[in-house]
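# structure of the sequence below:
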Amino acid sequence: MAVKLFVGGLSFSTSNERLREAFAGFGEVQSATVVTDRDTGRSRGFGFVEMATNEEATAAVSRLNGTDLDGRQIKVEIAKPAGSGGGQRRGGGGFGGGRGGGGGGGWRDR
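Model (predicted):
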């Protein structure tokens, strides 16, 4: 089963093919995709690579994480499943305050 890797810190000039080439020395690259902005088509500075086996993925992470690709230091790690981003960009809000409730000794209660 393929193992998906997250690759962060990519140069805006890095192409899908260049990403594939960087990982090919560690085994079979099943896919390599630089994520682009849907409106502008410009790179968002990160991408995903799918390696054929866990061993190949582990080798790529240990050898490529922290190295330079196209003039930028990249971060390579096993991708987290979609929806498990640690709660980032969700909920929060900060609305609602903590002032509600009843019987709080206001001036009308006297």
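# can you name the next helix or strand after the longest helix anywhere in the chain?
In the chain, with assignment by DSSP state H, the single longest helix is helix 54-64. Following helix 54-64 in sequence order, the next helix or strand is strand 68-69 (DSSP states H and E).
# that next one pairs with which strands, parallel or anti?
strand 72-73 (antiparallel) (DSSP bridges).
# quick one: contacts of the strand it pairs with?
Identification of contacts with strand 72-73 by C-beta atoms under 8 Å, 6 or more residues apart in numbering yields 9-11, 14, 66-67. Quick note: C-beta positions are derived from backbone N, CA and C, even for glycine.
# how about the strands in this structure?
Counting by DSSP state E, the chain has strands at residues 3-8, 29-36, 43-51, 68-69, 72-73, 75-78.
# from the chain's centroid, how far away is the second one?
In other words, strand 29-36. Offset of strand 29-36 from its chain centre (C-alpha atoms, centre = their mean, to the nearest Å): 13 Å.
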